[in-house]
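1. Sequence plus the predicted model coming up.
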Amino acid sequence: MALKPLDSLSEKPLKIKRALLSVSDKTDITVLASALHENSVELISTGGTAKKIRDAGLPVTDVSDVTGFPECLDGRVKTLHPAIHGGLLARTSYQPDLDELNQLGIQPIELVVVNLYPFREVISEGNVTPAIATEYIDIGGPTMVRAAAKNFAHVCILSNPSQYSDFISELNNSKEISFASRRRFARNGFEHTAEYDSAISNYMAEVDHLDVPARFSISLPKSGSLRYGENPHQKAAVYGSQSQYIDCFHGKELSYNNYLDINSALALMRDLGDKQPAAAIFKHTVPCGVAVDDSLSGAYKKAFSTDRLSPFGGIVIVNQKLDLETAREIDKIFTEIILAPEFDEESLKILSQKKNRRLVRIKQFPFGQNSMQIKSVFGGLLLQEEDIQLFDETIFKVVTSRKPTDAEKEDLIFAWTIVKHVKSNAIVYAKNKQTLGIGTGQTSRVDSSEIAVQKAGKENLSLENCVIASDAFFPFPDGIKTAADAGAIAVIQPGGSIRDDQVTETADKYNMTMIFTGMRHFKH
């Protein structure tokens, strides 16, 4: 059938005469229904929504009375009827549509209030079978949302209780709903159904045990506008549910770069865990100092001693309640962001004195086993599983003649944890669970090692009897020699080079112990 598009959309304000309300989330639905009734709007509804409206003492017509057909198939079929969708899709500014409605005995519906079955919430419970999950796939709801949103020139769609207040205010003040408001609500409606379909598609891919889906869909609500992106001339916004994981309760709103830094800091601290007090200092998404100690203040002091220059204007993350002593140490220089699971009252008194400093409470770590990372590239995007695992114990092996002592092994695992979060080529020198020198982002692994050594020297930190971690294999023995010359006695690296035998021989020559993890943590 050929479409007959109108030359232009009707941009006139819309008088609401009939409204269809059918919601899963019934938050404030009686408030909205009352406002509509007070404005002489006829209410039509279904099932539980109709009952709630009646219980509030408001008159409401059942959809089955409009369609002349009862709800059937356990409520699966209620609104899928020409008497409903003809009323939603009719272009009431177009006389032929009005004439056809009159011939069919269908009345226009100017307002649709619909939100969908809680599919995402149900599957997030984790113990739901596919049979149960599919019952929460809404059919009539998305159909009504899309029909009303498509016909926004003649119909208004509300798809979220958060919209009710603005709608009621405009209705009470103007007795009509503007074209601009209807278009905005329509856009919200399409976003709502897109997010819903995305959740279903991704769930189906998980059920089919696909490593990555054949078609990837993503739809997230905007959680905040940002002043700009990485640079002032770039527009930006943040999407998703960041407030589930962090609470920036003091200071200015977080910027684009702040979110990137916080994401990196949370990832590292997740891997370090909370068994011992730990502190990490980040600058430009890269750790410039990390340490574990018996006290939180001790951990921070050690982390700061790795590099006393870079932390200015950086961010600090700790894994335990931030106490007064640690707060005093942090406060000695300007730190833009401080993250902690909790802040005691005394530390808050000190840290909140600087208005430009952001204080962020960690609610939970936003990383799971099935998390995916997305990066945009020309023509589309790249998708990969997040790098969650630290190493695979089944292929973790000592390859040198000398085996590591218990203390060396602890330091090696600590250094390996840190190097995972450093930009490649990445080198970390460490001792006593403290970083001594970090080399990052160089085109040569030897260059990264030399930079790490130089940084340690600049801070007068001895590398004698330290350990070294490399995020990827050493392609030549010269990297091991450089580490040995600097004072390292133990190495941890993935292995996998065609010259692994030569690299191992060099380690043995310097009486070093070396572990191959069999797992690379290259960070491009």
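-> Great, that's in hand. Numbering: from 1, shown residues only.

2. a strand runs through residue 365, doesn't it?
-> No. Counting by DSSP: H, G, I helix; E, B strand; the rest coil, one finds residue 365 to be coil, located in no strand.

3. Contacts only, for it.
-> Listed by Cβ atoms under 8 Å, 6 or more residues apart in numbering, the contact partners of residue 365 are 245, 266, 269, 270. Glycine gets a C-beta too; all of them are placed from N, C-alpha and C.

4. cool, residue 32 as well?
-> 21, 113, 158, 164, 167, 168.

5. Same check on residue 120?
-> With contacts defined as Cβ under 8 Å, 6+ apart, residue 120 is in contact with 196, 199.

6. what pLDDT does it get?
-> In the predicted model, residue 120 carries a pLDDT score of 71.

7. Tell me the helix or strand right after whichever helix or strand it is part of.
-> Take DSSP states H and E as the rule and residue 120 turns out to sit in helix 119-123. Per DSSP H and E, helix 119-123 leads on to helix 130-135 as the next helix or strand towards the C-terminus.

8. Figure out how far the next helix or strand after that next one is from the centre of its chain.
-> For helix 130-135, the following helix or strand on the C-terminal side (DSSP H and E) is helix 140-150. Relative to the centre of its chain, helix 140-150 is centred 28 Å away, using Cα atoms, centre = their mean, to the nearest Å.

9. counting contacts, what elements does the helix or strand just after helix 140-150 pack onto?
-> Towards the C-terminus, the helix or strand next in line after helix 140-150, according to DSSP H and E, is strand 156-158. When contacts are defined as 3 or more Cβ pairs under 8 Å, 6 or more residues apart in numbering; DSSP states H and E, strand 156-158 packs onto strand 111-115, helix 140-150, helix 164-174, helix 179-207.

10. Could you pull out the buried residues of the last one?
-> Read that as helix 179-207. Neighbour counts over helix 179-207 (16 or more other Cβ atoms under 10 Å) mark 179, 181-183, 185-186, 188-193, 195-196, 198-200, 202-203, 205 as buried.

11. quick one on the thing from earlier: out of the contacts of residue 32, who's the most crowded?
-> Using other Cβ atoms under 10 Å as the neighbour criterion, residue 113 leads the contacts of residue 32 with 28 neighbours.

12. and it, what does it touch?
-> With contacts defined as Cβ under 8 Å, 6+ apart, the neighbours of residue 113 are 19, 20, 21, 22, 23, 29, 32, 157, 158.

13. Please apply the same query to residue 37.
-> Contacts here follow Cβ under 8 Å, 6+ apart; on that basis residue 37 touches 43, 58, 59.

14. Now list the buried members of those residues.
-> By the neighbour-count criterion of 16+ other Cβ under 10 Å, the contacts of residue 37 include these buried positions: 43, 58.

15. between the contacts of residue 113, which is closest to residue 511?
-> residue 23 (72.1 Å; Cβ to Cβ).

16. count of neighbours near the closest one?
-> The number of residues packed near residue 23 is 23, by other Cβ under 10 Å.

17. which of the contacts of residue 113 sit farthest apart?
-> Pairwise distances across those (Cβ to Cβ) peak at 15.0 Å, for the pair 29 and 157.

18. what residue of this protein is the furthest out?
-> residue 103 (51.5 Å; Cα atoms, centre = their mean).

19. And for residue 384, nearest residue in space, chain neighbours not counted?
-> residue 373 (5.3 Å; Cβ to Cβ, 6 or more residues apart in numbering).
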